[in-house]
Each structure stands twice: as C-alpha cells, then as structure tokens.
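>>> Got a sequence here, can you build the structure:
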Amino acid sequence: KLDNEWLDIFWNFEKNRNSEIVTDNVDEQFFNFFKNITLNFYAEENNLDRDFLDNYNLFDNYDNVYDKQKYISQIVNVFNGLTTYNDTEKVFENFLLPSVSYWQRLRFYSLSHFFIQFGQANDENKVLLNKWMRITENLINNTLIQSPTNYMDAIRSINSLSTNISNIYDFVSISSEKIKYFSRMQIDEEKLKATLILSDTNWESIFINIEQHSYFDGQVGFLLGYSKNNEDKYEKELFEDYSLKLSKLFDNEFSENNEFLFQRALLTKGDYLVDTGRNKTFCLFDKALRTKNDNWRKVFNDEQKTLYLKELLDEIDYSNIKLSLEDIIKNHQVNDWRKLIIKSPSSIAYCQYREIRKSSDNNTYLLSKRQMNGRHKEIYSWDLYNREFKNKNYKPFNHTCYWESTSWDEPCIVISEFNYKGSKFAIEITFNNGNYSIFFRDWNYNEYPDKIKELLLKLEFENNSIVLEENKLDDKINQICIGIEGIIKE
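Alright, predicted model coming up:
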C-alpha cells in the first residue's frame, strides 16, 4: 500500500494542484507528511521546548515513535482514511507545507484521530466527522497557541477529547469542564451551542453558517446573547437575523469600504472604540486571532459596547444595509466628539492603523500612525479648518493651511506668508478645552515692531495670544488683517 494506494494520495494531491505533476513535489509532500504526523504523535507522550522544535529531525526521532505498535497501527488508519477524505477545508493540504503553524498541526491531528477510530470518511460516518471537526476546529481556531508548551497541551487535550468522538455533542454539553487547555470562553460557548443543537437539530446549520464566516471563525456566542426572547429563551429566528446582518457588515463591502459607514453608524449608538495601549481604535478587520481579540472581540464581549452593536443591528434592514447605515448617520443626534467622525469618513481614513489618541472629549487626536511623533491632527481644529478656513484668503496673508504636528506641539490652522520688516508673521489657531486660541507668531523670532504690538494690545491679545469662542474667531481674524493692512499703508 505504501508504494501504491497510499502514495497515490500524494500523486492525486499534486495532480489536483498543478496541471503537470512534479515528482520532487510529491516526494517533498510525502516527507513533510511523515515529519509532521510523527511530531504530533511524539508530542502526546514527550515534552517539547523551543530548542527541540527548532532542531527537529524526523530521522532522529522516528524510532522514538514507531517502536510502539500503536503508532504504526494509527498511521495505517490515517492513510486509509485519507484515501476517502475530501479536503475541502485544506486541513490536509496545509499539513503538507514545509512550514506548518501550530493551528495547522492541530487541525490535522484532530482529523487523524477520527481516522484512527473510525477509518474511512464514508457516507455512514460523514455526519460524525463533521461534528467532531466543527467542535475541535472552533476550539483550536479561537485559542492562542504560541509556544511548544501550548502546542503540547493542545495535543493532549484533543487526544483526551477524542475518546468522545461518537457522542461529542453530548459530552460537550454535559462535561465541558473536563476539556483542558483551550479557551474557557470558547469551551463555554461550545457547551451552550451543543445544548441547543441537542434540543433542536435545526440550530446546527444556523450556527455553521455564521461560524464559517472568515472573520468569526467559530466564535459567535455574543450573538446568542442578542437572541433571547421575552421569556429569556433563545430564538433561532433572532439569531439567524443577527447573523445575516453581521456577516454582511464584516464582508469586504462594509468592513473597510463604503466610506466607513459601519463604523460611523456604530458611533451614533455610543463610543464603541476599544483601548489599545495609550490609544483607542475604531477596530481593525484583520483575521489573525490576536488582532481579532484586541479589536472587535473587545466590542463583542464588552457588556456595554456590545449593546451599541445590537442596537445598530436592530435598526438595520438586511435587504438594504447600505441605505440603513446612511439613514442612521444622517439622522443621528450625537453632540460630542463623535459627531466629527460620524460626518467625516476621511477622518477614519487618515488613521492608517485606525487609532486615535484620546484622553478626554476635549483632547482627541487623529493619528496617521500609532504615536504622537508621527503626523497627527487635533479633531476639533481639523473640523473647523474644513468648515471655515479651507480655501479662504486673509489678506495680507497669502496662505491658509492645516499643520499636522509630529511632536507634542499642538496641530493647528495656519494663516501665513505675510512678511514685514524682516519678520515672517503667521496666525495659528488651536483648540483649547472647548474654545480656541489664536496665536500671532513671528517665525523669524524677531522683536515685534511697535505698530504690531499696539495692534495686538488693542485687540486684547495677551502675550501674543487670545482665547475665544468659535463664533468670535472670524471677526477677530478679520480685525487682525484690517489692522495690519492699515499699518502697511502708513
């Protein structure tokens, strides 16, 4: 069988992947398979560390595994199972890669245990295979596995759990506390879902539809929290409705496109942003597990923030999500800092990593990167610039722009390019705790001419600056310009 039926597994794999079979590829895949499955078997009974994995060699450890008859029998069963297996999820394909992640090793290890116990993946046991793989993949995919010890613990947990393949839903619903190592949150979620499936098998397909979404990847328990009726019972129709809407919002159409309609509409319900170091994030849609845990899952699993999401979903019409989001944004009643983001998709787009620095409602900065030594804008002055100053001329000044800071200096509106008696004068406008500060600067740092000093004193400047409410800014700047033009004519 090794030279014929089993080797055909790898020949057929190569044939399906490439129009022309490359013998060296078949040999490499065959070797990778033996190397990786031997390591999985080895980890069942032997401790691992980083040095062992970095220097792992199949031929150095082959005898440590296959001198035991059970592993010879097991690998025979795995080969026989693979001859009937349809690798739609690429569990087998990924296991043949030269470099295999812990998650990829564990998914195939789970599949191996099915073959070890039940042999071929035929019509008779296909349902059982799907149940087993669904549970274990949900556990694997939603647990951070970052070290040899994590990998070893996960191997042993799956090995122990595999004694219950034939009744996996019953076991998980009753004895989930016996499942070791994996994320306790995910274990508890699988317990609840298994219980619901056992009470009504129609739940299973509904769960699978949302679990298989590339972003959620098995973790959907927060949606069950949305799906209780007035009698505190879970309703399939509610869960399915929320699932369909959220699936759409987390597809490419809305996640980072359509002018950030999803994020802006969600902001109308509340401040959903989550902490990331010293910053807050609108949340990234990257599908790496750690990124998901540090972004949207902090929304899903936060007692208050998840209610904002539920409220948004309740208002969305699935038949026209885009229009629903646009209407929610159009009709919002928000009056704090969020309103400046809600009306301006470019503000989110400016934040490359979708992060802001916010210590209070009056101290909020849009970050082009992640730190204040990268370009950043202050949210209120940036909004004011776009509303009132952009493309305006203030003679005798010749240029109006917004200056993005790359230090702790405050970003500001700048009205500049007026030269007088060796000085380069400019007006800078910064946001100041609900009001605005106007600074009159000489960028050459010269002593101000007496006429300029007199004008500033007349206009009630102190130390070349004045604090005003927004509605008084335009008049004050016009007074400065008129006064300067009068000085020029003298």
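>>> contacting residues around the longest helix that the chain contains?
Longest helix of the chain, by residue count under DSSP state H: helix 23-45. Helix 23-45 has contacts (C-beta atoms under 8 Å, 6 or more residues apart in numbering) with 7, 10-11, 13-14, 18, 48, 56, 58, 61-62, 64-66, 71, 74-75, 78, 95-98, 100, 105, 108-109, 112, 151-152, 155-156, 159. Any C-beta I mention is one placed from the backbone N, CA and C, and that applies to glycine too.
>>> Buried ones in that helix, by neighbour count?
25-26, 29-30, 32-33, 35-43 (16 or more other C-beta atoms under 10 Å).
>>> what's the following helix or strand after it?
Remark: after helix 23-45, the chain's next helix or strand is helix 50-54, criterion DSSP states H and E.
>>> immediately after that following helix, which helix or strand?
Assigned by DSSP H and E, the successor of helix 50-54 is helix 58-66.
>>> Extract the C-alpha trace of the next helix or strand after that following helix and format it as PDB.
Following helix 58-66 in sequence order, the next helix or strand is helix 69-82 (DSSP H and E). This file holds the C-alpha atoms of helix 69-82, laid out as PDB (Å, rounded to 0.1, in the frame of the first residue of the first chain):
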ATOM      1  CA  GLN A  69       2.900  -0.800  17.700                       C
ATOM      2  CA  LYS A  70       0.000   1.600  18.400                       C
ATOM      3  CA  TYR A  71       1.500   4.400  16.300                       C
ATOM      4  CA  ILE A  72       2.200   2.100  13.400                       C
ATOM      5  CA  SER A  73      -1.500   1.000  13.500                       C
ATOM      6  CA  GLN A  74      -2.600   4.600  13.800                       C
ATOM      7  CA  ILE A  75      -0.700   5.900  10.900                       C
ATOM      8  CA  VAL A  76      -2.000   3.000   8.800                       C
ATOM      9  CA  ASN A  77      -5.500   4.100   9.800                       C
ATOM     10  CA  VAL A  78      -4.700   7.700   8.900                       C
ATOM     11  CA  PHE A  79      -3.500   6.700   5.400                       C
ATOM     12  CA  ASN A  80      -6.600   4.600   4.800                       C
ATOM     13  CA  GLY A  81      -8.800   7.400   5.900                       C
ATOM     14  CA  LEU A  82      -7.100   9.900   3.600                       C
END
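>>> Can you show me the strands along the stretch 301-450 of the chain?
355-360, 363-367, 376-378, 399-403, 412-420, 423-432, 435-442 (DSSP state E, counting those that start in this stretch).
>>> for the stretch 151-300 of the chain, same thing?
274-276, 279-281.
>>> Compute the inter-axis angle for the longest helix of the chain and helix 58-66.
50 degrees (axes from the mean of the first three to the mean of the last three C-alpha atoms, to 10 degrees).
>>> what does the average pLDDT come to for helix 23-45?
Per-residue pLDDT over helix 23-45 has a mean of 88.
>>> quick one, that helix and helix 69-82 angle?
130 degrees.
>>> Please list all residues in contact with the closest residue to residue 153 other than its chain neighbours.
In this structure, residue 153 finds its nearest non-sequential neighbour in residue 181, 4.2 Å apart by C-beta to C-beta, 6 or more residues apart in numbering. Listed by C-beta under 8 Å, 6+ apart, the contact set of residue 181 reads 143, 150, 153-154, 156-157.
>>> From those, pick the one nearest residue 215.
residue 143 (16.9 Å; C-beta to C-beta).
>>> Please read off the pLDDT at the closest one from the model.
Reported pLDDT for residue 143: 97.
>>> ditto for residue 2
53.
>>> Please apply the same query to residue 336.
95.
>>> okay, now the nearest residue to it once chain neighbours are set aside: neighbour count?
Distances taken as C-beta to C-beta, 6+ apart place residue 361 nearest to residue 336, at 5.4 Å, with adjacent residues excluded. Residues lying near residue 361 (other C-beta atoms under 10 Å) number 13.
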